[in-house]
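# I'd like to go over a predicted model; first the sequence, then the structure.
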There are 2 protein chains.
Amino acid sequence: MSVPGPVLVVGCGLLGTSLGLALRAQGVEVWLDDLNPEHLRTATGLGAGVPVVDRSAARLVVVAVPPDHVGSAVVAALHQTAGVVTDVGSVKSAPLAEVAASVGAEDLRRYVGSHPMAGSERSGPLAAAATLFDGRPWAVTPHATSSPEAVDAVTALVRACGAQAFTFSPEAHDEAVARTSHVPHVMAALVAGRLAQAPADHLALSGQGVRDVTRIAAGDPALWEQILTANRGAVAGLLREVREDLDRMLEALDSDARPAVSSLLSSGVAGTAAIPGKHGGPAVATASVYVALPDHPGELGRLFGDVGRSEVNIEDVRIDHDPGRPVGQVELVVAESAAAVLVHSLGERGWSVHG
Amino acid sequence: MSVPGPVLVVGCGLLGTSLGLALRAQGVEVWLDDLNPEHLRTATGLGAGVPVVDRSAARLVVVAVPPDHVGSAVVAALHQTAGVVTDVGSVKSAPLAEVAASVGAEDLRRYVGSHPMAGSERSGPLAAAATLFDGRPWAVTPHATSSPEAVDAVTALVRACGAQAFTFSPEAHDEAVARTSHVPHVMAALVAGRLAQAPADHLALSGQGVRDVTRIAAGDPALWEQILTANRGAVAGLLREVREDLDRMLEALDSDARPAVSSLLSSGVAGTAAIPGKHGGPAVATASVYVALPDHPGELGRLFGDVGRSEVNIEDVRIDHDPGRPVGQVELVVAESAAAVLVHSLGERGWSVHG
């Protein structure tokens, strides 16, 4: 089915404005609303829709407000319209409980939560883009009494935004994101917390590993405080498992019990292999090719031009940060079977390269 | 000073062979040794040096063997030669204690430990490269009685390999790498361990964040078991601090105590800002520019060609993994002041781009 319009988007932040842009690109009528008149003005100026005309005539309402306000905004929308209501918040069970406690059974049928895996590190309408959801997973989380029509409308919304729908119960969703997003965020913050207390000269030895581990810990604490507390049951459950493993690791280190250290590390290796590969298929065996790169604007372009001519597809790229000289190292991650071809091809074109 | 040759490299794995290649490129005479004749053959075949001629005539010995064997190999080298001896192991205090217990005070003066921040994720001579150390930090760790001549020789070695020397005491080094490398590794493994136990469909919601946090957890458990146990004092000390923070986080989540959650997250933000920026300067404020990319071999080359023409220097690149369609998203990290220029320039060249 196609998206039932007009669509009312409540909240013109990054997600709401991007949604409006994506729907407008598909020709869907979009109405916008925001408590902040400046956000509303920016979003309409960007072409994400027009200020809401007749709230009660919206056939689909998308609530895109901060986590703390999702429940009350969904309740308000169910009271104001007869259409389908969804939200794009990071946590699903807590707002559902709030909604279920405040509306009748018939109204509750029109609500289906959802959660696009996109955009959590930036904010505001100016960061919005019609392509924000392109190819991203987007969880659709019907509750026990959601109507099939409501589920269809939300699934159509996901598709119209170019995303891929994955259906979960609200509880399973919250477990899943606790594991794949919220607990990793807490752990990154705890590692980064140790850096904040370090003697400054010790950090000169920071490599790419610690940068990768801590990158997401730079996210907005005010937003993450809301997310973590809204999902505190699932997050705390997994963090208790982490603490058990941490105690095992401490005991193993204290007693120099190497098999126990190794076993914890091996289960980490298994976990990295369990993450699905690009394009959602099974994880593909990859290999890295390293290229020394003079640090000028043009060199990266020349390198990727030569990579393109080698006809090898690049799964991932990392530029290594070097601490004292104008030479970088670029790591090109490719399918294992393609690494030798790429090394040969780049070597022939004069690059200092190794596999 | 220049590197005193001939240099004897003991151990022709990734580091030893790369060292040989880097020194040969500077015209230094290099002798190689390895218990594994195939590694020795490969390393000499690659041009990293020649099989050791006269062990006692080496003026500098570099021990590049697995962590468990560093101490005994350094002792053997001090007994066999009158030259300076160093090693390239990841941990410094434990091997030093082993050496100090086994050689006389005069011999001990000829030993200075060191540790290049390079190459821990691959292994074997075939992965070696003369450029492996280019621009990398390399810790030089004299002990209380190391002779100035020995420190100079090791510092010359570091420079000859294109790396940047940072001087630490062995104890400070071990504290520093516990914080910037060993504890991040353990934490990545604990997060990844949770993924190993996940219902498979939950992992469909994995985004770039969890991939970054867990990437290093794929490292060889046998190697990391040696590293962690050799540095177990410093690692366990920091992991106890992590456990205290973890307990605080659990208590805060259990009691819905938001200021405590927020305070732990804020100290993580401070930690990410403390990591030195590229080229060792203070951390530079960066911004990300996102480009939608058709997933063909040639497109990345075309993109970076256009990036080059925009005259903006790229600090980092990430390719986002999308789960179901042949479109990717490339994140270009640039200095904050250059982001708008890049968005404009790529937009003009027809790319779907947002800042």
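All right, it came through fine. Because the structure is a prediction, the values reported are computed rather than measured.
# the strands in chain A, which residues?
A:7-10, A:30-33, A:50-51, A:60-63, A:84-87, A:113-116, A:137-141, A:164-167, A:286-294, A:316-320, A:327-335, A:353-354 (DSSP state E).
# the last one packs against which elements?
Contact analysis of strand A:353-354 by 3 or more CB pairs under 8 Å, 6 or more residues apart in numbering or on different chains; DSSP states H and E lists strand A:286-294, helix A:339-348 as its packing neighbours. All C-beta atoms are positioned from the backbone trio N, CA, C, and that covers glycine.
# just put the strands of chain A in TSV and tack on mean neighbour count and mean pLDDT.
Compiled in TSV, these are given as follows (neighbours: other CB atoms under 10 Å in any protein chain shown; pLDDT from 0 to 100):
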stretch	mean neighbour count	mean pLDDT
strand A:7-10	28	98
strand A:30-33	24	98
strand A:50-51	14	97
strand A:60-63	27	98
strand A:84-87	29	98
strand A:113-116	26	97
strand A:137-141	24	96
strand A:164-167	18	94
strand A:286-294	19	80
strand A:316-320	20	73
strand A:327-335	21	77
strand A:353-354	23	80
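# what is the neighbour count of A:Ala129?
23 (other CB atoms under 10 Å in any protein chain shown).
# for the one 5 residues further on, same thing?
Using other CB under 10 Å, A:Asp134 has 21 other residues around it.
# same deal with the one 10 residues further on?
A count of neighbours around A:Ala144, defined by other CB under 10 Å, yields 8.
# which residues sit against the biggest helix by length in chain A?
The single longest helix within chain A, with elements called by DSSP state H, is helix A:232-254. Helix A:232-254 has contacts (CB atoms under 8 Å, 6 or more residues apart in numbering or on different chains) with A:93, A:174-175, A:178-179, A:182-183, A:186-187, A:228, A:257-258, A:260-261, A:264, B:186, B:190-191, B:193-194, B:197, B:228-229, B:232, B:235-236, B:239-240, B:242-243, B:246-247, B:249-250, B:253-254, B:256.
# for that helix, buried residues please.
A:232, A:234-236, A:238-239, A:242-243, A:245-246, A:248-250, A:252-253 (16 or more other CB atoms under 10 Å in any protein chain shown).
# what do you get for stretch A:188-206?
Neighbour counts using 16+ other CB under 10 Å place A:188-195, A:198, A:202-206 of stretch A:188-206 among the buried residues.
# select, out of the helices and strands packed on strand A:353-354, the one closest to chain B.
strand A:286-294 (4.5 Å; CB to the nearest CB).
# partner strands of that closest one, with direction?
According to DSSP bridges, strand A:286-294 forms sheet pairs with strand A:327-335 (antiparallel), strand A:353-354 (antiparallel).
# and of those strands, who's closest to B:Gly113?
strand A:327-335 (24.6 Å; CB to CB).
# distance from the chain centre to the closest one, please.
From the chain centre to the centre of strand A:327-335 is a distance of 24 Å (CA atoms, centre = their mean, to the nearest Å).
# next up, the contacts around the nearest residue to A:Gly308 once chain neighbours are set aside.
In space, not counting the residues next to it along the chain, A:Gly308 is nearest to B:Gly301; the distance is 2.6 Å by CB to CB, 6 or more residues apart in numbering or on different chains. By CB under 8 Å, 6+ apart, the contact list for B:Gly301 reads A:304-309.
# rewinding a little: how about the buried residues of stretch A:188-206 in CSV, adding pLDDT and distance to B:Asp134?
Putting the buried residues of stretch A:188-206 into CSV (pLDDT from 0 to 100; distance: CB to CB, whole Å) gives the following:
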residue, pLDDT, distance to B:Asp134
A:Ala188, 98, 29
A:Ala189, 98, 32
A:Leu190, 98, 33
A:Val191, 97, 27
A:Ala192, 97, 28
A:Gly193, 96, 32
A:Arg194, 96, 29
A:Leu195, 95, 25
A:Ala198, 93, 26
A:His202, 94, 23
A:Leu203, 94, 21
A:Ala204, 91, 17
A:Leu205, 92, 17
A:Ser206, 90, 17
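# could you pick out which of the residues you listed are near chain B?
Contacts with chain B within the buried residues of stretch A:188-206, counted by CB under 8 Å from any CB of the partner chain: A:188-195, A:198, A:202-206.
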